[in-house]
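**Student:** Give me the fold of what follows.
(one chain, ligands or ions: 1)
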Amino acid sequence: MKNYRSSNISHYFYCPKAYKLSLEYQKEQSEAMREGLLFEGYVFGKFKEDNEKELIGRKRPDTINLIKQKADLVKPLFIKGEPFRKLLLKTSDYTISGEADYVGTTLFQGKGIECIADLKFTGNMKVWDDLISLARKEDFIQAFIYPYLFYKETGKVLPFIYCVIENNFDNPLIKQIKFNTSIADFKWVSEMIETIHQDDFYYSNANYGTCVSGKYGRCSYLEHCNEGRNFIAGEIEMSLNNLS
Ligand code: SF4
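**Tutor:** This is a model prediction of the structure:
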């Protein structure tokens, strides 16, 4: 039975083939991702996969101490709740799953509000500023799928908050992006997943904005995609007339 996750679904919008490839090829865990998981573990006082030692690897003790210090500054945002809350919806045709970093009371604009929260540890907040100014649904899929799954399980409609932490300074920059959600939004989510479920072609949308210069730069699945490879590589013929 097919399972849908927000991390894969987000690819579908710019290139259905990238969505399909994301199911087949897992991204390797980068150093930045390991630091993010360590940070998350220290903020919530537990590790998703009980793998602190593995994540520390060969990192120096002073690097770990810095991550811990930053985590201590972020901890007060999360007042009372459940970290790493699994979410699952089973339909007769497929399942939709996710794992929320945290469900509970979070400090936002000086008040504790009940929400689903996701912690993002980043080297540069600019990516998030760009996503906010582009304001495309596809870049914030998680903010609607997780509340949808939680609603289907509990009947409660909760907002979703991204807590983005830029790790460059000892006192990190913290940006919170709150998405208010409604039952009408959940209709959009279920219809979107149904559309993907009905697609069995997954066409490749090869162009500059998808293969070369997408949300995170070059498409992560280029190695495995002939259409993308042909678009980027191949032959070009030029003459002086083509030059300015
Ligand atoms: S390389 Fe281009 S066409 Fe291929 S999956 Fe990626 S975005 Fe789609």
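
**Student:** Surely L173 touches W128?
**Tutor:** No - when contacts are counted by CB atoms under 8 Å, L173 is not listed as touching W128 (10.5 Å). (C-beta placed from N, C-alpha, C; glycine too.)

**Student:** Of those two, give the one with the bigger neighbour count.
**Tutor:** Using other CB atoms under 10 Å as the criterion, L173 and W128 rank with W128 on top: 17 against 13.

**Student:** nearest residue to the more buried one other than its sequence neighbours?
**Tutor:** Distances taken as CB to CB, 6 or more residues apart in numbering put V164 closest to W128, at 5.1 Å, once the chain neighbours are dropped.

**Student:** Reduced to three states, what does the one you found come out as?
**Tutor:** strand (DSSP: H, G, I helix; E, B strand; the rest coil).

**Student:** can you tell me how far it sits from Y203?
**Tutor:** 33 Å (CB to CB, to the nearest Å).

**Student:** For the protein, what lies in contact range of the ligand?
**Tutor:** Proximity of the chain to the ligand (CB under 6 Å from any ligand atom) is limited to residues 15, 17-18, 21, 204-206, 210-211, 219, 221-222, 225, 227-228.

**Student:** Go again with 8 Å.
**Tutor:** Residues of the chain lying close to the ligand (CB under 8 Å from any ligand atom) are 11, 14-18, 21, 204-207, 210-211, 214, 219-222, 224-225, 227-229, 231-232.

**Student:** Out of these, which end up buried?
**Tutor:** 11, 14-18, 21, 204-206, 210-211, 214, 219-222, 225, 228, 231 (16 or more other CB atoms under 10 Å).

**Student:** Please list the members of the residues you listed that lie in helices.
**Tutor:** 11, 16-18, 21, 228, 231 (DSSP state H).

**Student:** just curious, which of the residues you listed is nearest to E153?
**Tutor:** Of all these, E153 sits closest to H11, with 25.5 Å by CB to CB.

**Student:** which residues does the residue nearest to F179 when sequence neighbours are not counted contact?
**Tutor:** Computed as CB to CB, 6+ apart, the closest residue to F179 that is not its neighbour in sequence is A143, at 4.1 Å. By CB atoms under 8 Å, 6 or more residues apart in numbering, the contact set of A143 is 118, 160, 162, 179, 181.

**Student:** Out of those, which is nearest to E138?
**Tutor:** Nearest to E138 among those, with distances taken as CB to CB, is F179, at 13.7 Å.

**Student:** Quick one: neighbours of the closest one, just the number.
**Tutor:** Quick note: F179 (other CB under 10 Å) scores 17 neighbours.

**Student:** All set now, cheers.
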